[in-house]
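Asker: give me a model of this one.
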Amino acid sequence: MKHILWLASWYPDEMDAYNGDFIQRHARAVALHMPITVIYVTQLGPEVAVPEEKILKHTEGNLTEIRIYFSHTNAGSGLLQRVPYNWKYFFHFRRFMRQYIKEKGKPDIVHVHIPMKSGRIALWLQKKFGISFIVTEHSSAYFPEVPDSFDKRNAYYRKSVEAIFSNAIAVTTVSQQLAERLKELFGIKNMHIVSNVANTDYFHYKPINIPVFRFLHASTMNHPKNVEGILRALKELKDQRTNWECVMLGWDTPELRELSMQLGLDGHVIWKGIVSYDQVAVEMQHASALLMFSRYESQGCVILEALCCGLPVIATRVGGIPEMMNDHNGILVENENEEQLLQAMLQCMDQYNKFDRAAIAQQAQSRFSYEAVGKEFVDLYRRATSYEL
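Answerer: The predicted model follows:
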């Protein structure tokens, strides 16, 4: 069995269980097929004081996760704090990697998840030990319409990312749209599309009688998700129909709840806040349609999870979303077009019988299950270590 080592720039930790959770799900998918180790040096930021260094190791089945917390007492922000903080990050990462290789030997291949900052360590490992690496990128930040996009970052950041992509033996992304953008920016030749995953132990079709047409929205509810636009469209829907409700899951804010009240949506919009991962699946199984109005996305994990539950999806034609959808599993609308969103909701309610929820779930699970996606990564490793790429 090959020795595969993952270096993650984002990963769930004690401070944030959702930080890079999509990377953890990829890791669990691969671990169905082979042993892997994930190393994550936490990036809590210079403003967070960490009193002492600690290394937490957790092994379950084929997956070993190592989280490294380095001590940091110079709490604050700004350049004077970021420089020593980043120096400590790379110092501790390199020190741990030397010890890891001394004890475990050189991995056959390193798999970087999110280029910055762990990709800098992969470059160092390549130069010092001759270890090849693969990069997986999820972020939509390479598109100019995204705030703080790649082209707006400082020169050091841009050159570092370019060096990481240029030296990788292969790059994977979750959508064809993102792949084409990375090719355009960095001239990447060896590109592969490997989707995000859904845990089908939770996200699967379950026939349930739903007494009222129930839309569902689940997200971080920040600017990219355009929840304000959803609420305004729901207000227009309320003026025409009353036999519906919309459940909101996620990081809602007092401002969003206030807007909902001002629009007269009390009784129609139900705010449930943050719920557990398995409870999201239950809410999807008890919904009629998923409602997303994102301004931009790379792929959208919540959409493929909804599809695995057989839930039709109304979403914007942005990022990798159109690659997951067709006339049989949902309706696409244009970004920021609230009138189209309203019409899509009306169409979904009026023509709901055309959606075969069992068939939607079956097709999605064949593409997005842990088993399916894990096999794609394992095949990539096999070809990489056999010099077939």
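Asker: rest of the way, CA atoms for contacts and neighbours
Answerer: Will do.
Asker: could you pull up phi and psi at residue 227?
Answerer: phi -70, psi -30 (degrees, to the nearest 10).
Asker: quick check: closest non-adjacent residue to it.
Answerer: residue 221 (6.0 Å; CA to CA, 6 or more residues apart in numbering).
Asker: assign that neighbour to helix, strand or coil.
Answerer: Following DSSP: H, G, I helix; E, B strand; the rest coil, we place residue 221 in the coil state.
Asker: number of residues surrounding it?
Answerer: 19 (other CA atoms under 10 Å).
Asker: hmm, residue 251 and it touching each other?
Answerer: Yes: the pair residue 221 / residue 251 is scored as a contact, 5.7 Å apart, by CA atoms under 8 Å.
Asker: chain center to the longest helix seen in the chain, what's the gap?
Answerer: Counting residues, the longest helix in the chain under DSSP state H turns out to be helix 79-104. Distance, stretch centre to chain centre, for helix 79-104: 26 Å (CA atoms, centre = their mean, to the nearest Å).
Asker: coming back round to it: who's in contact with the residue nearest to residue 227?
Answerer: 227, 250, 251, 252 (CA atoms under 8 Å, 6 or more residues apart in numbering).
Asker: rewinding a little: what's the first helix or strand after the longest helix of the chain?
Answerer: For helix 79-104, the following helix or strand on the C-terminal side (DSSP states H and E) is strand 109-113.
Asker: can you tell me the element residue 166 falls in?
Answerer: Counting by DSSP H and E, residue 166 is part of helix 155-167.
Asker: which other helices and strands contact that helix?
Answerer: Where contact means 3 or more CA pairs under 8 Å, 6 or more residues apart in numbering; DSSP states H and E, helix 155-167 is packed against helix 118-129, helix 176-186.
Asker: would you mark the buried spots in the last one?
Answerer: Read it as helix 176-186. Across helix 176-186, burial judged by 16 or more other CA atoms under 10 Å covers 176, 177, 178, 179, 182.
Asker: and the pLDDT for the third one?
Answerer: According to the predicted model, the pLDDT of residue 178 comes to 94.
Asker: over to the last one?
Answerer: Residue 182 is assigned a pLDDT of 96 by the prediction.
Asker: excluding chain neighbours, what is closest to it?
Answerer: residue 188 is the one closest to residue 182 (CA to CA, 6+ apart), at 6.9 Å.
Asker: how far away is the one you found from residue 265?
Answerer: To residue 265, residue 188 is 48 Å away according to CA to CA, to the nearest Å.
Asker: ok, now residue 372?
Answerer: Applying CA to CA to residue 372 and residue 265 gives a distance of 41 Å.
Asker: name the helices or strands packed onto the worst-scoring helix or strand of the chain on mean pLDDT?
Answerer: Least confident helix or strand of the chain, by mean pLDDT, DSSP states H and E, is helix 79-104 with a mean of 90. Helix 79-104 is packed against helix 118-129, with contacts defined by 3+ CA pairs under 8 Å, 6+ apart.
Asker: tell me how far the very next helix or strand once past the helix it packs on is from the chain's mean position?
Answerer: Using DSSP H and E, the helix or strand that follows helix 118-129 towards the C-terminus is strand 133-137. The chain centre lies 15 Å from the centre of strand 133-137; the measure is CA atoms, centre = their mean.
Asker: name the strands paired with strand 133-137 and say parallel or antiparallel.
Answerer: strand 109-113 (parallel), strand 170-173 (parallel) (DSSP bridges).
Asker: out of those, deepest packed?
Answerer: Stretch with highest mean neighbour count among the strands paired with strand 133-137: strand 109-113 (a mean of 25; mean count of other CA atoms under 10 Å).
Asker: send the alpha carbons of that strand over as PDB?
Answerer: The C-alpha coordinates for strand 109-113 follow below in PDB (Å, rounded to 0.1, in the frame of the first residue of the first chain):
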ATOM      1  CA  ILE A 109       3.500  11.300  -2.600                       C
ATOM      2  CA  VAL A 110       2.200  14.400  -0.800                       C
ATOM      3  CA  HIS A 111      -1.300  15.700  -1.400                       C
ATOM      4  CA  VAL A 112      -1.800  19.400  -0.700                       C
ATOM      5  CA  HIS A 113      -5.300  20.700   0.000                       C
END
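Asker: hmm, who's touching it?
Answerer: 3-10, 23, 118-119, 122, 131-137, 381, 384-385.
Asker: let me have the strands paired with strand 133-137 in CSV, adding mean pLDDT as columns.
Answerer: Formatted as CSV, these follow (pLDDT from 0 to 100):
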stretch, mean pLDDT
strand 109-113, 98
strand 170-173, 96
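Asker: of all those, which one is nearest residue 346?
Answerer: strand 170-173 (34.1 Å; CA to CA).
Asker: show me where the stretch 251-389 of the chain has its helices.
Answerer: With DSSP state H, counting those that start in this stretch as the definition, the stretch 251-389 of the chain shows helices at residue ranges 254-262, 277-285, 301-308, 338-350, 357-368, 370-385.
Asker: pull out the buried residues from the first one.
Answerer: So that's helix 254-262. 257, 260.
Asker: same for that helix, what does it pack against?
Answerer: Looks like helix 254-262 contacts helix 227-240 (3+ CA pairs under 8 Å, 6+ apart).
Asker: show me how this structure divides into domains.
Answerer: Domain segmentation of the chain under automatic domain parsing yields 4-197+370-385, 213-368.
Asker: what is the end-to-end distance of the shortest one?
Answerer: In this case it means domain 213-368. OK, domain 213-368 end separation, CA to CA: 27 Å.
Asker: so how far is that domain from its chain's centroid?
Answerer: That offset, for domain 213-368, works out to 17 Å (CA atoms, centre = their mean).
Asker: quick check: mean pLDDT across it?
Answerer: Domain 213-368 carries an average pLDDT of 96.
Asker: quick check: residue 36 vs residue 241, distance?
Answerer: 52 Å.
Asker: quick one: which of those two has more around it?
Answerer: Comparing residue 36 with residue 241 by neighbour count (other CA under 10 Å), the higher total belongs to residue 36, at 20 against 11.
Asker: if anything else comes up later, I'll come back, but that's it for now.
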